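In: everything below, folded, please.
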Amino acid sequence: MIKKLLLFSILVYFYSCASAQKVVESKPETESKITDNEIIYYEDTALNQLRNELNEIFKDPSFSNAHWGVIVQSLETGEYIYRLNEHKSFIPASNMKLFTTAVALLKLGPDFKYKTYLYTDGEIKGGILYGNLFIRGSGDPTISGRFTNGDVTKTFKDWADSLLKLGISEIYGNIVGDDNYFDDQYMGTGWAWDDETYWYSAHISALSFNDNCVDFEIYPGKRINDPAIIKINPNTNYVQIKNQVITVHPDSSTKIDFFRAPGTNIINVFGKISLKSKPYKESITVHNPTLYTATVFKEVLESKGIKITGSPVDIDETFFKPDYEKMKVLASYESPPLSEIIKVINKRSQNFYAEQVFRTLGKIFGGEGSTEKSVEVVKNTLAQIGISPDLISIYDGSGLSRLNLVTPFQVITLLNYMFKHEYFSYFYDSLPIAGVDGTLETRMRKTRAQGNVRAKTGYVQYARALSGYVKTKDGEMLAFSMITNNYLIPTAVANMIQDIVCQRLAEFSRK
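Out: The predicted model follows:
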């Protein structure tokens, strides 16, 4: 079936669609709405030929048990180029990030930065700090190696250097992580429990470090049947690794799985790695990011020669009620601007970053870093741009929840609004570029869509989405949204259909 679809799509791509001659109903060029299970064909003009070709693509029998919602709009004339089930609700997957990042730009502005402070409640005497260190989080997702050339602990090293400059060589106290800026719901509503091990389901926390993950590199042993060699970054005692990976014959395939039992930091690694394999890389989540942050900071301090008599602790497990206005700031960290953060969210499709920004909106504009307040802030903002809060279902900021529901028309309304907004360049620059970077790096290469299409991908099981912008051959800017749900064929086929549609839009000319 896939081979047949590939052949068919190629035929469509080279304009051998006979349906352009099969006129069933004539409509003005500004009309192209298709209702459920109804395909309408149009008279033979350039625009209507495009519409007829898209009709053929989206009625492919491989998707007979699935649903497509599609809309394409000219952002220069407002004309709807194509519509199919555009007012039906779909699981958007990571297309939800379009709403989160757009609202963040509108509410926080592109120059917004997070700040994380290191406080003490003690005094320094004779090189000894008599008191505790408090790391006060504000939701920053960027304390990692992403913006520091891969050095995941650089911020902590800088803080340690600041303490050394103050003459501190010993600390009589604890390292306290304060995550109270957000609530303690560390997973999104509707997330699958069996995703919790992997990076895309990292815990949400106002105090976070290294995307709340440990990064694994796994190498084959020296000989067949030797245990694999596992390296982690950061090299921390916070997690316990159980290595059950065996080195196998060089002609064998590599297959490695991970499992972290919920509520623990015991990470089971099992499977096989080929003797000739390159390093196998994966990022695995940790439980309690706050304690993780405090633990690794303590380990860095000790590596710098600073002695600590106390322990790393999560403030929720203590009786501490710090009065920060009366405490001294010893060091701080400022994040890159929001304009850079949303690039990570949209290009990388980074769920953790999206959730941190989502909760930040709730905290700053709703008074509480909770899902409920974040949803309220996002919906209220969307209402101001013409998206009814009663007709959209939002349960998280990343799209990992299968409880999210949006319509392609709502997506196109958002894209249209952002196109006209003064912050459009920041929004546009955050999107993956076809054939160039992000989640579209390997798609649409060697076509007119390469370097042209800017769009957000979306995927959860049985749901695939692609929404964004494309310029036609004439230079006309179009916005589009394509979402399919409940398909049972390989996702690669849905990708192929989306790619061919984008190529066709990029090649379209009204002349």
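
In: C-alpha from now on. contacts and neighbour counts both.
Out: Will do.

In: so Lys511 makes contact with Ala46?
Out: Yes. Shown here, Lys511 and Ala46 form a contact pair, counting by C-alpha atoms under 8 Å, at 7.4 Å.

In: what about the two, which has more around it?
Out: Ala46 (14 against 8; other C-alpha atoms under 10 Å).

In: quick check: domain ranges of the chain?
Out: Taking automatic domain parsing as the domain assignment, the ranges for the chain are 2-93+402-507, 115-334.

In: how about those domains in JSON lines, adding mean pLDDT and distance to Lys343?
Out: Formatted as JSON lines, these follow (pLDDT from 0 to 100; distance: least, C-alpha to C-alpha, whole Å):
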{"stretch": "domain 2-93+402-507", "mean pLDDT": "85", "distance to Lys343": "4"}
{"stretch": "domain 115-334", "mean pLDDT": "98", "distance to Lys343": "12"}
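
In: can you add distance to Tyr395 and give the ones you listed back as a markdown table?
Out: Listed next are those as a markdown table, based on distance: least, C-alpha to C-alpha, whole Å:
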| stretch | distance to Tyr395 |
| --- | --- |
| domain 2-93+402-507 | 6 |
| domain 115-334 | 6 |
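
In: between these, which one is nearest to Lys373?
Out: Proximity to Lys373 (C-alpha to C-alpha) singles out domain 115-334 among the domains of the chain, at 10.7 Å.

In: could you work out the end-to-end span of the closest one for me?
Out: The stretch domain 115-334 measures 5 Å between its terminal residues, going by C-alpha to C-alpha, to the nearest Å.

In: next: stretch 198-208.
Out: First residue to last in stretch 198-208 (C-alpha to C-alpha) measures 16 Å.

In: buried set for it?
Out: Within stretch 198-208, the residues that qualify as buried by neighbour count (16 or more other C-alpha atoms under 10 Å) are 198-208.

In: do the same with stretch 60-72
Out: Counting neighbours by 16+ other C-alpha under 10 Å, stretch 60-72 gives 62-63, 67-72 as buried.

In: now do stretch 247-263
Out: Of the residues in stretch 247-263, those buried by neighbour count under the rule 16+ other C-alpha under 10 Å are 247-248, 254, 256, 258-260.

In: just those residues: which are in helices?
Out: Among the buried residues of stretch 247-263, no member is found in helices (DSSP state H).

In: closest one to Ser283 out of those residues, please.
Out: Distances from Ser283 to these, taken as C-alpha to C-alpha, are shortest for Phe258 (9.8 Å).

In: now do the phi/psi pair for the nearest residue to that closest one once chain neighbours are set aside.
Out: Setting aside the residues directly before and after it, Phe258 is nearest to Val269 in space (C-alpha to C-alpha, 6 or more residues apart in numbering), at 4.7 Å. Val269 has phi and psi values of phi -120, psi 120 when expressed as degrees, to the nearest 10.

In: wait, what's in contact with Val269?
Out: Under the criterion of C-alpha atoms under 8 Å, 6 or more residues apart in numbering, the neighbours of Val269 are 241-245, 256-259.

In: can you name the two of the residues you listed that sit furthest apart?
Out: Across those, the longest distance by C-alpha to C-alpha is 13.9 Å; it joins Ile241 and Ile256.

In: so what secondary structure elements neighbour the helix or strand encompassing Phe99?
Out: Using DSSP states H and E, Phe99 maps to helix 96-108. Using 3 or more C-alpha pairs under 8 Å, 6 or more residues apart in numbering; DSSP states H and E, the elements in contact with helix 96-108 are helix 338-347, helix 351-366, helix 371-384, helix 424-429.

In: dump the ones you listed into JSON lines; add distance to Thr264 and mean neighbour count as well.
Out: Shown next, in JSON lines, are the helices and strands packed on helix 96-108 (distance: least, C-alpha to C-alpha, whole Å; neighbours: other C-alpha atoms under 10 Å):
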{"stretch": "helix 338-347", "distance to Thr264": "27", "mean neighbour count": "23"}
{"stretch": "helix 351-366", "distance to Thr264": "19", "mean neighbour count": "24"}
{"stretch": "helix 371-384", "distance to Thr264": "24", "mean neighbour count": "20"}
{"stretch": "helix 424-429", "distance to Thr264": "38", "mean neighbour count": "18"}
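
In: so how far is Val300 from Asp178?
Out: Distance of Asp178 to Val300, computed by C-alpha to C-alpha: 18 Å.

In: what about the two, which has more around it?
Out: Asp178 (25 against 20).

In: can you pull up the bridge partners for that one?
Out: For Asp178, the beta-bridge partners under DSSP bridges are Arg136.

In: before we move on, what about Ile483?
Out: Listed by DSSP bridges, the beta-bridge partners for Ile483 are Gly69, Ala465.

In: from Gly69, how far off is it?
Out: As defined by C-alpha to C-alpha, Ile483 lies at a distance of 5 Å from Gly69.

In: overlap of the contact sets of the two?
Out: Counting by C-alpha under 8 Å, 6+ apart, the shared contacts of Ile483 and Gly69 are 90, 408.

In: on that earlier part again, kindly reformat the contacts of Val269 as JSON lines containing distance to Tyr130.
Out: Formatted as JSON lines, the contacts of Val269 follow (distance: C-alpha to C-alpha, whole Å):
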{"residue": "Ile241", "distance to Tyr130": "35"}
{"residue": "Lys242", "distance to Tyr130": "38"}
{"residue": "Asn243", "distance to Tyr130": "41"}
{"residue": "Gln244", "distance to Tyr130": "44"}
{"residue": "Val245", "distance to Tyr130": "46"}
{"residue": "Ile256", "distance to Tyr130": "47"}
{"residue": "Asp257", "distance to Tyr130": "45"}
{"residue": "Phe258", "distance to Tyr130": "42"}
{"residue": "Phe259", "distance to Tyr130": "41"}
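
In: filter the residues you listed down to the ones in strands?
Out: Residues of those located in strands (DSSP state E): 241-245, 256-259.

In: returning to that earlier point: closest to Leu382 out of the domains of the chain?
Out: Among the domains of the chain, the nearest to Leu382 by C-alpha to C-alpha is domain 2-93+402-507 (8.1 Å).

In: related to what we said a few turns ago, in TSV: the helices and strands packed on helix 96-108, plus distance to Met187.
Out: Output for the helices and strands packed on helix 96-108, formatted as TSV (distance: least, C-alpha to C-alpha, whole Å):
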stretch	distance to Met187
helix 338-347	17
helix 351-366	9
helix 371-384	10
helix 424-429	26
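
In: could you pull out the buried residues of stretch 141-153?
Out: Result for stretch 141-153 [16+ other C-alpha under 10 Å]: buried residues 141-145, 152-153.

In: rebuild those as CSV, extending it with secondary structure.
Out: As requested, these are arranged in CSV below (DSSP: H, G, I helix; E, B strand; the rest coil):
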residue, secondary structure
Pro141, coil
Thr142, coil
Ile143, coil
Ser144, coil
Gly145, coil
Val152, coil
Thr153, coil
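
In: Ala383: which of those residues is nearest?
Out: Each of these was scored against Ala383 by C-alpha to C-alpha, and Pro141 proved nearest at 27.5 Å.

In: the closest residue to that closest one other than its chain neighbours and Tyr459, how far apart?
Out: Spatial nearest neighbour of Pro141, excluding adjacent residues (C-alpha to C-alpha, 6+ apart): Tyr353 at 5.6 Å. For Tyr353, the distance to Tyr459 (C-alpha to C-alpha) stands at 17 Å.
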